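S.K.: A structural model of the following input is requested.
(4 chains)
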4 protein chains.
Amino acid sequence: MVVIMKPGTRKEDIDALAAKFESQGLRVGVTNGVGCTILGLVGDTTALDMDKISIEPNVERVMRVQEPYKLANRKFHPEDTVVTVGKAKIGGGNFGVIAGPCSVESEEQIVEVAKAVKASGASMLRGGAFKPRTSPYAFQGMGTPGLDLLVEARQATGLPIVSEIMAPRYVEIFEEKVDVVQIGARNMQNFELLKEVGKMSKPVLLKRGLSNTYEEWIMSAEYIMAGGNENVILCERGIRTFETYTRNTLDVSAIPAIKQMSHLPVIVDPSHAAGMYWMVEPLAMAAVAAGADGLIIEVHNDPAHAKCDGQQSLTPKKFDDLMGKVGTLVNMMGKTLV
Amino acid sequence: MVVIMKPGTRKEDIDALAAKFESQGLRVGVTNGVGCTILGLVGDTTALDMDKISIEPNVERVMRVQEPYKLANRKFHPEDTVVTVGKAKIGGGNFGVIAGPCSVESEEQIVEVAKAVKASGASMLRGGAFKPRTSPYAFQGMGTPGLDLLVEARQATGLPIVSEIMAPRYVEIFEEKVDVVQIGARNMQNFELLKEVGKMSKPVLLKRGLSNTYEEWIMSAEYIMAGGNENVILCERGIRTFETYTRNTLDVSAIPAIKQMSHLPVIVDPSHAAGMYWMVEPLAMAAVAAGADGLIIEVHNDPAHAKCDGQQSLTPKKFDDLMGKVGTLVNMMGKTLV
Amino acid sequence: MVVIMKPGTRKEDIDALAAKFESQGLRVGVTNGVGCTILGLVGDTTALDMDKISIEPNVERVMRVQEPYKLANRKFHPEDTVVTVGKAKIGGGNFGVIAGPCSVESEEQIVEVAKAVKASGASMLRGGAFKPRTSPYAFQGMGTPGLDLLVEARQATGLPIVSEIMAPRYVEIFEEKVDVVQIGARNMQNFELLKEVGKMSKPVLLKRGLSNTYEEWIMSAEYIMAGGNENVILCERGIRTFETYTRNTLDVSAIPAIKQMSHLPVIVDPSHAAGMYWMVEPLAMAAVAAGADGLIIEVHNDPAHAKCDGQQSLTPKKFDDLMGKVGTLVNMMGKTLV
Amino acid sequence: MVVIMKPGTRKEDIDALAAKFESQGLRVGVTNGVGCTILGLVGDTTALDMDKISIEPNVERVMRVQEPYKLANRKFHPEDTVVTVGKAKIGGGNFGVIAGPCSVESEEQIVEVAKAVKASGASMLRGGAFKPRTSPYAFQGMGTPGLDLLVEARQATGLPIVSEIMAPRYVEIFEEKVDVVQIGARNMQNFELLKEVGKMSKPVLLKRGLSNTYEEWIMSAEYIMAGGNENVILCERGIRTFETYTRNTLDVSAIPAIKQMSHLPVIVDPSHAAGMYWMVEPLAMAAVAAGADGLIIEVHNDPAHAKCDGQQSLTPKKFDDLMGKVGTLVNMMGKTLV
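M.R.: Here you go, the predicted model:
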């Protein structure tokens, strides 16, 4: 940590502050200059509260030097984490595609889509049973019966299932029925929920919040990992910017950035980023080329009658075309489509 | 709702779509032109799903004309809502100030601050018992014992208490102990939580999410109101922008905008917007001058040792100075400081 | 400046880099720790190029400690700058209101508006002769004849005139005819233009760019001041965010922030921030309450037939009402409406 | 265009407004409903001023249906524009790579880099002679002598040269010496400059502004095209968002979006988007995979001593590696690296 003193601070006050830091087990280096004194603090600074230091009377500014996350930090865990779910693998050179409808609507629908996406090469099935909707008057998902239909689709195809959890009270049923637990963008900083899924045995797919930084996103993964669950998959799904042509702005730089900062796998959701089916392919391809470890894509057998997000869903036919291109590019990138 | 047809759509396809809308009880007007046909839809369009219409094969674009919210809409409820909590009132010409520490730390601290802010003219006491923190390693609040200390502070001063709820499982204890239930910015779209507080008998203070539009914010109020709880106070607390000098960017335009869109009272949190104690006063004054119905301000008896947010907390002395200025301005605005 | 070394950098490499900085006349303090070494650099660091240091082979990160601006910096010029234009004054306790139409349209229009705003207490007249328009097919302003009409309005009322310059080639004519030269938001980083107006004898009204930080904005003022023209008035006019209800988002925090960082006066343009006439009053009042040194407001005698921005223009009657309220608030703030 | 009337507007007022539009040669369709009347306007609406209509006394809101650009609109020009510069081609299946240093520093430097990038497959040379810098104290470029060095590099290699123009007064010398005229992000809405380059005979590389929408960007291209110069290449270089880890946020969705909206070629600048050399490769690959028509990449023979942007420049060796991968991907995308 670096502490900048206010201009004109007396030497004895600087020394007193330095002594205070030293008494907390830190090494302190002081650089004095005309109108500017810099304190360099080295040691285990995770216990230090920047905000508290910043209100010390003679302190002008505090800057952090080390990352505030440990378990998710690549510095302390250089090799890639590989998340394994049945036969599916994501991370460390393994590329996985999760596909399926926005929401589970009927047995026929989910089984049909599951078979189709499996045939095209998807390694997991997605489907929402509990849906976060901006309007209280919109379809809120089938609830628990939706999870049962996902289980049937898994039985029919062998594909592991991924579904979104919306509150701590569903932890038990998700633990029982689901293979990967999804935290949606709007719940990325629902810390009570993060703590609960941190105690689960199932891997967690953590979507980036609409306006959360890379560091905040990794800190939310750190919440889950601090609870004991180290199988976290990060998912970039577009951020909110001034541009309204697309539903969100896909931040493709997140992929190399996260790989630099963390050992966790990172996948991309081009469907929510674009919000328009015809843009899913170019964004999916961009994600693969930028080094993503996987994709999560909305596929519906009848988008025109989907209960939600039909406008951003691919038909099984379009998904199959896309998988052909994705497969070629994954190989070119030196990865394996699992 | 307005539906724009793709150029070159055949007349029979336009008529078929119009007939479909008419069969749903809507009036449809068709404007034909070279290369552009516009369908105007009038009636109860809340049941219509824009997304579904947008994927009809001949539709180019769909635009909503009417607001998607009803209970919170000023059009259907022209007079201001006044939220009453004991002797405190917010809205409809009544200006209320909620003050207190970021988090409850001890009986001594919360009672001392409560007495001080009451003496300066605050009408409610704030204090966090459950704290949403970006880092799992940061102080997470005292939990339930913190609520008990708030109750003691209420007994000592008569001030109603405001505290943040973080998960549905705390609904019962908040119903029992707290006077106003706060939903934090990060939970503004935690729809499960919104549904639960919608069933409570206590007023709700709903903070705007970091990157949520006015419409999304009102839709979250609509969730609570649809559950039966119509006592919602909206709280602007700064949005996330590219500017990093301030913790957030206070969106003062939200005040007149919300007053135009909704009948609900709107208050401002200058402490979280600024993130620096010396900026609280100008932002608080700006909020009053823009027409806010109240303020929520962080006050701590010893900011240098506060367990969180000390750098944005006012001392009781500075708060007292501010209240003098706020009081004068509230009067000038033709409102009453309750 | 602070330089963070990569973990594992050898002592001799650290020493070599420190020696290099010392040879540039800087003092260097080294703080060593396990896995982290911090170099504190003190002295005249304005000549240092952060980007260059950041690509030194053993450097992980570089952080600036001191501001990159000098002439505009309050640290080196603690007292407020007062910009004087004829009888008008802005800054240092003097509050000035600039009012007039978006664009000059005719002699009758500009003279009528000038007389009206003068009667209501405005101290300067604004009016665009050259208009930056998003579309090449929109009205681009009257050009030089528009400046002549402004001069007539000045003769008729005595009000100094403010108009926007769009390219270096107009410097001569603006120097001759105009009293305050405005740089529009879209030209805030048109560095060629900044250099040219830096050589002018007339004060400059520098609008903040749509997505420029406080620091970038002050750096653009520094460009003008470095050219010899120290009479710069900064003007906040709203920034671009995700919220689309308002034309821009007024960043009211800019007022106290700029006053902390710089000695230059800062005024607010509520008309462009809001984009809707009915929101001008609350935003204008908020600006005054937050400590602004002035306002610039669009007023048109016939908004419904204005050639541009009619929807955000006040009628002379509404402007007169607003000035009554503004005057009362300016007094309450301890300032003088000049 | 669609006009929404205020609730309660009288029939005669609606008819009068409709008649007014009809007198302007438009077709008007009226849809009446309880509390909502919609007017659909069809015909040549480019002459209509939305702002003016929006302040008609009974109008609640106006929404545009048709794009405000014509020359750049794909609807009126379905086939891709191909920009040809000597042997280089960009657009319509032709992929071009422009490479070179941020700024021209010496004959040796620019000729050496030019030879290297040509050997690796670049089709044009970039180099700044006039540099837009945030600080007046930073290196501002060599000016005209820098253009002469670029001409020498062209003579030595045959590569066409691309350089940034910063003011209208340089139009003549750029017309004489340069092959492609670049408009920088900060000048995207410098309309005076756009008008001037619109009269030039040389193709224009138009960078997207830091916070400009797709539509505004295309409107700036429309300015150039309206002046007679239809050879415009659009260049996405990252937008400004809340994320500060990267210099800017590359908006990869801009590629498919622009291709849908316009026939102009679109290329990507991964160097400025990332701001860090190690992120250039993944972003460049993402751009190709998303369908870009080309890349512009900063390459320096000695990044550690570059006068600007060294931290985002590739060495010739790294550029050569990248070109190998780019070439393979360009082929996979069915395009030709020219």
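S.K.: domain ranges for chain A?
M.R.: Following automatic domain parsing, chain A resolves into domains at A:2-63, A:74-337.
S.K.: can you check which of those gets nearest to chain D?
M.R.: Judged by Cβ to the nearest Cβ, the one of the domains of chain A that comes nearest to chain D is domain A:74-337, at 3.7 Å. No exception for glycine: its C-beta is placed from N, CA and C like everyone else's.
S.K.: can you check the pLDDT for A:Ala47?
M.R.: What the model reports as pLDDT for A:Ala47 is 67.
S.K.: and for A:Gly33?
M.R.: Looking at A:Gly33, the pLDDT reads 76.
S.K.: before we move on, what about A:Ile297?
M.R.: Looking at A:Ile297, its pLDDT is 98.
S.K.: tell me the bridge partners for it.
M.R.: Under DSSP bridges, the beta-bridge partners of A:Ile297 are A:Ala99.
S.K.: neighbours of it, just the number please.
M.R.: When neighbours are defined as other Cβ atoms under 10 Å in any protein chain shown, A:Ile297 has 28 of them.
S.K.: so it sits against A:Leu283, correct?
M.R.: No: A:Ile297 lies out of contact with A:Leu283 (Cβ atoms under 8 Å); the separation is 9.9 Å.
S.K.: pull up the overlap in contacts between the two.
M.R.: Each of A:Pro270 lies in contact with both A:Ile297 and A:Leu283 under the rule Cβ atoms under 8 Å, 6 or more residues apart in numbering or on different chains.
S.K.: where's A:Asp13, which helix or strand?
M.R.: helix A:11-22 (DSSP states H and E).
S.K.: in that helix, which residues are buried?
M.R.: When neighbours are counted by 16 or more other Cβ atoms under 10 Å in any protein chain shown, the buried residues of helix A:11-22 are found to be A:14, A:17-18, A:21.
S.K.: secondary structure element holding the residue nearest to A:Val268 when sequence neighbours are not counted?
M.R.: The shortest distance from A:Val268 to any non-neighbouring residue, by Cβ to Cβ, 6 or more residues apart in numbering or on different chains, is to A:Ala287 (3.6 Å). Assessed by DSSP H and E, A:Ala287 sits inside helix A:280-289.
S.K.: tell me what that helix is packed against?
M.R.: On a contact count with 3 or more Cβ pairs under 8 Å, 6 or more residues apart in numbering or on different chains; DSSP states H and E, helix A:280-289 meets strand A:266-268, helix A:270-274, strand A:294-298, helix A:316-332, helix D:254-261, helix D:280-289.
S.K.: restrict it to CA atoms and write it as CSV.
M.R.: Output of helix A:280-289 as CSV, limited to C-alpha atoms (Å, rounded to 0.1, in the frame of the first residue of the first chain):
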residue,chain,number,x,y,z
VAL,A,280,-24.8,-14.2,-31.6
GLU,A,281,-22.4,-15.8,-34.1
PRO,A,282,-19.9,-12.9,-34.6
LEU,A,283,-19.8,-12.4,-30.8
ALA,A,284,-19.4,-16.1,-30.1
MET,A,285,-16.5,-16.3,-32.6
ALA,A,286,-14.9,-13.2,-31.1
ALA,A,287,-15.0,-14.8,-27.7
VAL,A,288,-13.3,-18.0,-28.9
ALA,A,289,-10.6,-16.0,-30.7
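S.K.: give me the contact list for it.
M.R.: A:95, A:236, A:250, A:252, A:255, A:267-268, A:270-271, A:273-274, A:295, A:297-298, A:312, A:314, A:318, A:321-322, A:325-326, A:329-330, A:333, D:252-253, D:255-256, D:282, D:285-291, D:329.
S.K.: with stretch A:300-310 instead?
M.R.: The contact list for stretch A:300-310 (Cβ under 8 Å, 6+ apart) reads A:101-103, A:105, A:109, A:112-113, A:116, A:128, A:131, A:133, A:138-139, A:271, A:277, A:298, A:311, A:313-316, B:51-52, B:55-57.
S.K.: what about that stretch, start to end distance?
M.R.: With Cα to Cα, to the nearest Å applied, stretch A:300-310 spans 8 Å between its terminal residues.
S.K.: how far off centre is that stretch?
M.R.: Centre-to-centre, stretch A:300-310 and its host chain are 25 Å apart (Cα atoms, centre = their mean, to the nearest Å).
S.K.: in that stretch, which residues are buried?
M.R.: Applying 16+ other Cβ under 10 Å to stretch A:300-310 flags A:300-301, A:303, A:306-310 as buried.
S.K.: still on that earlier bit, would you format the buried residues of helix A:11-22 as a markdown table with distance to chain B and pLDDT included?
M.R.: Listed next are those as a markdown table, based on distance: Cβ to the nearest Cβ, whole Å; pLDDT from 0 to 100:
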| residue | distance to chain B | pLDDT |
| --- | --- | --- |
| A:Ile14 | 17 | 92 |
| A:Leu17 | 12 | 92 |
| A:Ala18 | 17 | 92 |
| A:Phe21 | 15 | 91 |
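S.K.: columns distance to chain D on top of those, output as a markdown table?
M.R.: Output for the buried residues of helix A:11-22, formatted as a markdown table (distance: Cβ to the nearest Cβ, whole Å):
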| residue | distance to chain D |
| --- | --- |
| A:Ile14 | 30 |
| A:Leu17 | 28 |
| A:Ala18 | 30 |
| A:Phe21 | 27 |
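S.K.: need the winner for burial among the domains of chain A.
M.R.: For those, the largest average neighbour count (mean count of other Cβ atoms under 10 Å in any protein chain shown) is found in domain A:74-337, namely a mean of 22.
S.K.: how would you label the residue nearest to A:Glu164 when sequence neighbours are not counted: helix, strand or coil?
M.R.: Distances taken as Cβ to Cβ, 6+ apart put A:Gln182 closest to A:Glu164, at 4.2 Å, once the chain neighbours are dropped. Classification of A:Gln182 by DSSP: H, G, I helix; E, B strand; the rest coil places it in strand.
S.K.: my guess is A:Gln182 contacts A:Tyr170. True?
M.R.: No: if you go by Cβ under 8 Å, A:Gln182 and A:Tyr170 don't touch, sitting 11.7 Å apart.
S.K.: how much space between A:Gln109 and C:Asn212?
M.R.: Distance of A:Gln109 to C:Asn212, computed by Cβ to Cβ, to the nearest Å: 50 Å.
S.K.: the closest residue to chain D within the stretch 51-200 of chain A: neighbour count?
M.R.: As assessed by Cβ to the nearest Cβ, chain D sits closest to A:Glu67 within the stretch 51-200 of chain A, at 11.6 Å. If you count neighbours by other Cβ under 10 Å, A:Glu67 ends up with 18.
S.K.: now do the contacts for it.
M.R.: By Cβ under 8 Å, 6+ apart, the neighbours of A:Glu67 are A:73, A:75, A:215, A:261.
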